[in-house]
Each structure stands twice: as structure tokens, then as C-alpha cells.
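**Q** Below are the sequence and a predicted model; questions follow.
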Amino acid sequence: TVMDCLEDIELCKIVDAQVKEKVMVLLIRNRIPYAERWDEVPLLKRAKYHGAKEICVILTHPAHREEAVKVIHTLDKDMQNQIIME
């Protein structure tokens with residue numbers, strides 16, 4: 001995992017590990033830089049994240065955000081439903 005850069009912005013949040021892997025492969029294939037951070041989900045917000053105790057936050061540089069969003073939108077709808085875009 002790359003260290004968070006001060007300029008990095010949150011791209012999306014993902015609960016499902018398989019979906020996270022798919023997103024990372026797509027970002028790597030498209031040479032889009034990213035970092036990941038795991039956040040604990042407070043008890044009251046877990047319903048929003050399908051009951052998950054923690055969530056993976058994908059970060060990227062603002063210059064790559066638009067390209068990264070396009071790449072994520074190439075995933076099938078079921079996977080996109082597992083991704084919370086920021």
C-alpha cells in the first residue's frame with residue numbers, strides 16, 4: 001500500500017474484498033495511481049455499508065479522478081452497487 005499523499009482525494013469506499021481487488025486491478029492496468037486506507041465503520045452507520053465493521057477507502061490524485069471513475073463504471077452493475085462513490 002502506498003502512503004497517503006496529502007493531495008490525494010477519496011475516490012470510493014468498498015466493503016466487498018473481491019470487488020476491491022477488481023477495482024485495484026483495473027486501476028493498475030490503466031496506470032492510475034491509488035492508495036488504500038481501512039476505516040472502522042461506527043455501529044450506527046453499518047447499515048449503509050451492509051453491516052461491515054470496516055471499509056476500504058480508495059484514494060487517488062485529483063488529476064486522475066475522472067479517469068478512475070470512468071474505469072470503475074466499466075464494471076458490471078452488481079459490482080458497481082458494492083462501490084460507494086464519493
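**A** Happy to help now that I have it. Worth saying up front: this structure is predicted, and the values here are computed from it rather than measured.
**Q** Low-confidence bits of this structure, can you list those?
**A** 1-6 (pLDDT under 70).
**Q** For it, which segments are assigned as helices?
**A** In the chain, the helices defined using DSSP state H lie at 17-29, 65-72, 77-80.
**Q** Dump those helices to a markdown table, plus distance to residue 46 and mean neighbour count.
**A** All C-beta spots, glycine's among them, are computed from the backbone N, C-alpha and C. Shown next, in a markdown table, are the helices of the chain (distance: least, CB to CB, whole Å; neighbours: other CB atoms under 10 Å):
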| stretch | distance to residue 46 | mean neighbour count |
| --- | --- | --- |
| helix 17-29 | 17 | 15 |
| helix 65-72 | 23 | 15 |
| helix 77-80 | 21 | 11 |
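**Q** Please enumerate the strands of this protein.
**A** Assigned by DSSP state E, the strands in the chain fall at 9-14, 35-40, 54-60, 83-85.
**Q** can you give me the angle the first one makes with strand 35-40?
**A** If I follow you right, that is strand 9-14. Using axes from the mean of the first three to the mean of the last three CA atoms, to 10 degrees, one finds that strand 9-14 and strand 35-40 are set 60 degrees apart in direction.
**Q** List the strands paired with strand 9-14, with their directions.
**A** When pairs are called by DSSP bridges, strand 9-14 turns out to pair with strand 54-60 (antiparallel), strand 83-85 (antiparallel).
**Q** Many thanks, I have nothing further to ask.
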